[in-house]
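# Below: sequence and its predicted model.
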Amino acid sequence: MKNLIAALSLFLLALPAHAQQKQASPQTDQQRRMMGCDTQSRMLKGDDRKKFMNECMKGGAPGPEMKKHQERMKDCNRRAAAKGLTGDDRMKFMSACQRGQT
């Protein structure tokens with residue numbers, strides 16, 4: 001019984017070290033590309049996001065849906081700056097503007 005408890009204890013102590021080794025493994029090119037594409041596409045939704053992710057993972061240039069989103073972002077930023085918005089007011093405005101509600 002003591003041997004079983006000792007073996008189980010050693011096993012449980014070794015788990016965090018094993019998990020750290022797995023996390024430390026280098027990312028593949030595909031994993032890095034996926035993270036980059038995901039970061040760029042966070043503001044897109046539905047079919048637009050799917051199209052962008054598909055093109056981005058193939059290594060293609062941003063599609064029209066991303067360009068449209070970027071232009072909308074620039075316009076919303078200009079409008080928020082012109083109104084002198086900061087903090088929570090700016091965040092609320094930007095959110096509504098990006099959804100086309102302003």
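Right, received. Where do you want to start?
# Next secondary structure after the lowest-mean-pLDDT helix or strand in the chain?
None of the helices or strands of the chain scores lower by mean pLDDT, DSSP states H and E than helix 2-23, at a mean of 61. Moving toward the C-terminus from helix 2-23, the next helix or strand (DSSP states H and E) is helix 29-40.
# What residues of that following helix count as buried?
Neighbour counts over helix 29-40 (16 or more other Cβ atoms under 10 Å) mark 37, 40 as buried. For the C-beta atoms, the positions are set from N, CA and C on the backbone; glycine is no exception.
# helices and strands around that helix, which ones?
Where contact means 3 or more Cβ pairs under 8 Å, 6 or more residues apart in numbering; DSSP states H and E, helix 29-40 is packed against helix 46-58.
# and the helix or strand following the helix it packs on, what other elements does it pack with?
Next along the chain after helix 46-58, taking DSSP H and E as the criterion, comes helix 64-83. Helix 64-83 sits against helix 46-58, helix 87-98, with contacts defined as 3+ Cβ pairs under 8 Å, 6+ apart.
# just flag whichever of those helices has the lowest average confidence.
Note on these: lowest mean pLDDT is at helix 46-58, with a mean of 82.
# From the contact counts, what lies against that helix?
helix 29-40, helix 64-83.
# Figure out which of these is closest to residue 49.
helix 64-83 (8.0 Å; Cβ to Cβ).
# Can you check what angle separates the closest one from helix 29-40?
Compare the direction of helix 64-83 with that of helix 29-40 by axes from the mean of the first three to the mean of the last three Cα atoms, to 10 degrees and you get 40 degrees.
# could you measure the residue lying closest to residue 34 once chain neighbours are set aside against residue 5, distance?
Distance criterion Cβ to Cβ, 6 or more residues apart in numbering; nearest residue to residue 34, sequence neighbours excluded, is residue 57 at 6.7 Å. Separation of residue 57 from residue 5 (Cβ to Cβ, to the nearest Å) stands at 49 Å.
# That concludes my questions; thank you for your assistance.
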